[in-house]
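K.L.:
Provided below for reference: sequence and predicted model.
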Amino acid sequence: MKKFRSILISALLISAIIFTCQCTRRPGEKQTVICFAFQDLETEYWVAAHKAITETLRSRGIMVLERNGHQDANRQLEQVRDAIAQDVDGIIIIPQDGESALTIIGEANRAGTPIAVFNRPPANRSRPALVVVADNEKIAEETVRYMVLAASKLERKMKPLILVGDLGDQNAIARRQGFYNVIGERPEIFEKPIEVPTKWDPATTLANLEAAMQINRGVDFIFTSSDFLYPQIRAVLEPLGKWKPIGDKDHVILGGLDGDSTAYMLMEQGFVDATGVQDLFFEAHAIMDALLKAIQDGQKTPEEWIEDPGFAITQENMQEKREDMWGYRVMAGLAEAKK
Amino acid sequence: MSHLRKRITTACGWLLADHFILVLTVVFFLVMWRIYPSMGGARNLANISSNMWPLLTLVIGQMFVLLVGGIDLSQTSIMAVTSVTGSMIMTLRLDPARFQDNPLWGVVLSESGGLLAGHVLAVPTAVILMLTIGACIGLINGLAVARLRMPPFMVTLVTMSFFSGFAIYLTRSENIMHLPESFIVIGRGGLGPVPYAMMIAFLTAVAAWTILNRMVLGRWIYAVGINRKTAVVSGVPCAGVIVAAYVFSGLCATSAAILYSARLEAGRPTLGQHLLLDVIGAAVIGGISLFGGKGKVRWAVYGVAFFVVLDNSLNKMPLNFYAVDIIKGAVILMAAVLDVLRNLLSQRSPARAGA
């Protein structure tokens, strides 16, 4: 019986191999295939970016292979390697961090597959890639400058706090730098800033911000490195009686960066003073156009850094600039769809 | 009627057969190859191979713990801690802007890299340190389970949480780059056509096979897993066996950390954070029982092969990302159900029972 089973297994394997080898695929017209590997969709920004990229590519007749790395750099590397083995025409990645972006770009470079990095840039420029990135430092500076203007009107010493992103991410580093550049200009207004690490994680943010506010009850100026953390800020400030609109004596001057719909809503309600906006739709279209052009031109390792200048939306310019804010447009689009 | 019974018996035989998962893997691969011709391409085969080796070392370690009726959830945190500590020793340079707030800045770390940056013994020292740390964490787990009689799930969950946090504390959430080329080559290079990663996984598998099949420790491991009380009565030093299993798991997790860190060219405090499902999934698919006492190195190889081929083929399909997760989850669930079914069948046919 044992011998019979072994023979049967061998026969099955051999026949399957022969069957597979004999089969030939009819050559058809080659469709452009792009692998879109993202690290996760944990914030509104990434969800909107994912939608903009996949829908636009598909509307142009391009096959999109979506790969979610689930915040695991190794898994994302494996997904990109598999895509390269599949002979995709190009790759768009939203990497987990700048370091893993560099490793993945190296893989694509070695294989001669053009690669584009969306919004989260590689740790350095040592390996060629198409990169679109917002000028985070400048946008943060503009935003914090408006917040400082609001603070200076109060004519008292302020205790600032910054929610710092994952410092393995160049965007988080630039935003933090932008905050310090402006705060450092006005030592007469500000005490030494308190740093709260978030690792881009809501639960970590909540725990760390709660702890920081317990020790530093006088905090009256908060800059969040990403708008998606506003619900956590509210959850901490509300029980302390500090979640108050502009004009109230207990109002905490609030600002952030991204430009999502929550930020817009909170600005409209008067809780947030200003927020920096990345032009998501510009970034998505710029990176797709650059990659498709590189594919068309037969470039294997194209290199270009595209900068999104972005802007700060404030209580003063909100009405005139909101149409350029992606969060407002997403919100308006949803409202329109509901009608 | 007897014909039908014969057919059912044959089907059961297939299910219980040692090579069932291998056959399934090969057939699945061939079907996928027919649909996606790039599956059989040299580059893709190299990918499948390179994805297999680190996972295999992890699964072999996990198998030892599963064999003694335990589970090691801390494997991923062992990977994270060993990845950053080893990198801290051998990194060639560090950016002060990102590391000067590090508790080890000026002691172990400096602008010119880690403690042994550029030294000829940097890589071997780092590897030995990593293996020692991995073994020590395994020892802590083993002692807590064997001596303090704490539930394995609880112990390793706590060590997972503690050492994950510790890895992040050590680096302040920063990745450590600029590792020496002689280390990175472990993840990318090879001796001729044979990758170093494959050699490490092969040596791990041989060591595991020798322990389980050629040493009395192996017999004891199965005995403890099948029935601990009987093993105690039979004079098996249960506590020592359990500790040894956890230490081996720690060493395997460290080997995987070396392979993953080398291929990612960085020490990462979050290394392997999301890998646990893959490890347990591959073990279960291979047929290694979650109830203890049942498992073979060969089964670990088959489970990992199937898991990696499945992952690879899913990456070829133009599916939405959530569909990929659903399919993968469903396959692991099916494997777990199959494990239960195989257990039931093997209990009914005593000739096949045991390892």
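P.N.:
Everything's here; your move.
K.L.:
my guess is residue B:195 contacts residue B:52. True?
P.N.:
No. In terms of CB atoms under 8 Å, residue B:195 does not count as a neighbour of residue B:52; the distance is 10.2 Å. In this view, the C-beta of every residue, glycine as well, is placed from N, C-alpha and C.
K.L.:
got a pLDDT number for residue 232?
P.N.:
All of this refers to chain A. Predicted confidence (pLDDT) at residue A:232: the value is 96.
K.L.:
the chain in question should be chain B.
P.N.:
The pLDDT attached to residue B:232 in the predicted structure is 93.
K.L.:
hmm, it is touching residue B:238, no?
P.N.:
Yes. Under the criterion of CB under 8 Å, residue B:232 makes contact with residue B:238 at 5.6 Å.
K.L.:
just want to know which of the two has more residues nearby.
P.N.:
Neighbours per residue (other CB atoms under 10 Å in any protein chain shown) separate residue B:232 from residue B:238, with residue B:238 holding more: 18 against 14.
K.L.:
which residues touch the helix or strand where residue B:206 lies?
P.N.:
When secondary structure is defined by DSSP states H and E, residue B:206 falls within helix B:196-214. Here helix B:196-214 makes contact (CB atoms under 8 Å, 6 or more residues apart in numbering or on different chains) with B:49-50, B:52-54, B:56-57, B:60-61, B:63-64, B:67, B:185-187, B:189-191, B:217-218, B:221-222, B:248, B:252, B:255, B:258-259, B:263, B:296-297, B:300-301.
K.L.:
low-confidence ranges in the stretch 1-150 of chain A?
P.N.:
A:1-29 (pLDDT under 70).
K.L.:
now do the strands in it.
P.N.:
According to DSSP state E, counting those that start in this stretch, the stretch 1-150 of chain A carries its strands in the segments A:33-38, A:63-68, A:90-94, A:115-118, A:130-134.
K.L.:
cool, the stretch 101-250 of chain B as well?
P.N.:
Secondary structure of the stretch 101-250 of chain B (DSSP E, counting those that start in this stretch): strands at B:190-191, B:194-195.
K.L.:
what residues does the residue in the stretch 51-200 of chain B that chain A sits nearest to make contact with?
P.N.:
When you check the stretch 51-200 of chain B against chain A by CB to the nearest CB, the closest residue turns out to be residue B:175, at 4.3 Å. With contacts defined as CB under 8 Å, 6+ apart, the neighbours of residue B:175 are A:97, A:99, A:100, A:168, B:266, B:267, B:268, B:269.
K.L.:
who wins on neighbours among these?
P.N.:
Neighbour count (other CB under 10 Å) singles out residue B:267 as the most crowded of the contacts of residue B:175, with 32 neighbours.
K.L.:
looking at it, it is touching residue B:89, isn't it?
P.N.:
No. Contact criterion CB under 8 Å: residue B:267 and residue B:89 do not qualify, at 9.5 Å.
K.L.:
follow-up on the earlier one: and the contacts of helix B:196-214, which of them are buried?
P.N.:
Applying 16 or more other CB atoms under 10 Å in any protein chain shown to the contacts of helix B:196-214, the neighbour count classes B:49-50, B:52-54, B:56-57, B:60-61, B:63-64, B:67, B:186-187, B:217-218, B:221-222, B:248, B:252, B:255, B:258-259, B:263, B:296-297, B:300-301 as buried.
K.L.:
can you tell me which of those are in strands?
P.N.:
Secondary structure assignment by DSSP state E places none of the buried ones among the contacts of helix B:196-214 in strands.
K.L.:
among those residues, which are in helices?
P.N.:
Among the buried ones among the contacts of helix B:196-214, the members falling in helices are B:49-50, B:52-54, B:56-57, B:60-61, B:63-64, B:67, B:186-187, B:217-218, B:221-222, B:248, B:252, B:255, B:258-259, B:263, B:297, B:300-301 (criterion: DSSP state H).
K.L.:
go back to those and keep what's next to chain A.
P.N.:
Near chain A, judged by CB under 8 Å from any CB of the partner chain, the entries from those are B:50, B:263.
K.L.:
can you get me a residue count around residue A:185?
P.N.:
Count around residue A:185 with other CB under 10 Å applied: 14.
K.L.:
circling back: what residues of the helix holding residue B:206 count as buried?
P.N.:
Under the neighbour-count criterion of 16+ other CB under 10 Å, helix B:196-214 has B:196, B:197, B:198, B:200, B:201, B:204, B:205, B:208, B:209, B:211, B:212 buried.
K.L.:
so where is the stretch 201-350 of chain B shaky, pLDDT-wise?
P.N.:
Low-confidence segments of the stretch 201-350 of chain B (pLDDT under 70): B:349-350.
K.L.:
what residues does it put near chain A?
P.N.:
The interface of the stretch 201-350 of chain B toward chain A, taken as CB under 8 Å from any CB, is made up of B:260, B:263-266, B:268, B:270-275, B:311-312, B:315-316, B:318-322, B:324-325.
K.L.:
now list the buried members of those.
P.N.:
If you count burial by 16+ other CB under 10 Å, the buried members of those come out as B:260, B:263-266, B:268, B:270-275, B:311-312, B:315-316, B:319, B:321, B:324.
K.L.:
might you report the residue contacts of residue A:34?
P.N.:
The neighbourhood of residue A:34, defined by CB under 8 Å, 6+ apart, consists of A:57, A:62, A:63, A:64, A:65, A:88, A:89, A:90, A:91, A:92, A:291.
K.L.:
any figure for the gap between the residue nearest to the first one when sequence neighbours are not counted and residue A:38?
P.N.:
Just to be clear, that refers to residue A:57. The spatially closest residue to residue A:57, leaving aside those adjacent along the chain, is residue A:64, at 5.0 Å (CB to CB, 6 or more residues apart in numbering or on different chains). When distances are taken as CB to CB, to the nearest Å, residue A:64 and residue A:38 turn out to be 11 Å apart.
K.L.:
this completes my enquiry, with thanks.
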